[in-house]
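Trainee: What follows is a predicted structure for the sequence shown.
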Amino acid sequence: RLNEVIAKYRHHQFDKCREQVGTTHCVLVEGLSRKARRAAAAAAAEQAGSESNPQQFTGRTDTQFRVVFDADLGSLEAGEYAEVRITGAHQATLSGDLVRLTT
């Protein structure tokens with residue numbers, strides 16, 4: 001029975017994420033995404049990283065959806081707000097494109 005409840009919850013959660021595709025949200029930037037942090041650590045170990053390449057950032061909308069989006073490394077810091085257009089939905093995470101920085 002618990003597995004049925006979990007499956008129903010995940011299905012509902014994915015539907016809610018899918019509804020957000022095509023919308024624009026104000027996102028509180030939390031920092032680099034997990035994938036970007038791993039890549040930065042590997043580049044630092046090899047000392048071949050470039051600071052101007054776009055990086056993946058993560059943040060949260062005002063409705064608490066997690067969003068992953070690309071931006072230039074020097075353009076964003078944790079605690080800033082960014083306007084992000086949602087382009088994709090996953091199980092519990094949205095993906096999007098940076099539109100602009102906001103205040």
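Mentor: Yep, that arrived. Numbers count the residues shown, from 1 in each chain.
Trainee: Tell me the first helix or strand C-terminal of the helix or strand bottoming out on mean pLDDT in the chain.
Mentor: Lowest by mean pLDDT, DSSP states H and E among the helices and strands of the chain is helix 34-46, with a mean of 71. Using DSSP states H and E, the helix or strand that directly follows helix 34-46 along the chain is strand 54-61.
Trainee: buried stuff in the next helix or strand after that next one?
Mentor: Heading C-terminal from strand 54-61, the first helix or strand you meet, by DSSP H and E, is strand 66-72. Buried residues in strand 66-72, counted by 16 or more other C-beta atoms under 10 Å: 66, 67, 68, 69, 70, 71. For the C-beta atoms, the positions are set from N, CA and C on the backbone; glycine is no exception.
Trainee: In the sheet, which strands lie alongside strand 66-72, parallel or antiparallel?
Mentor: Within its sheet, strand 66-72 is paired with strand 54-61 (antiparallel), strand 93-102 (parallel), according to DSSP bridges.
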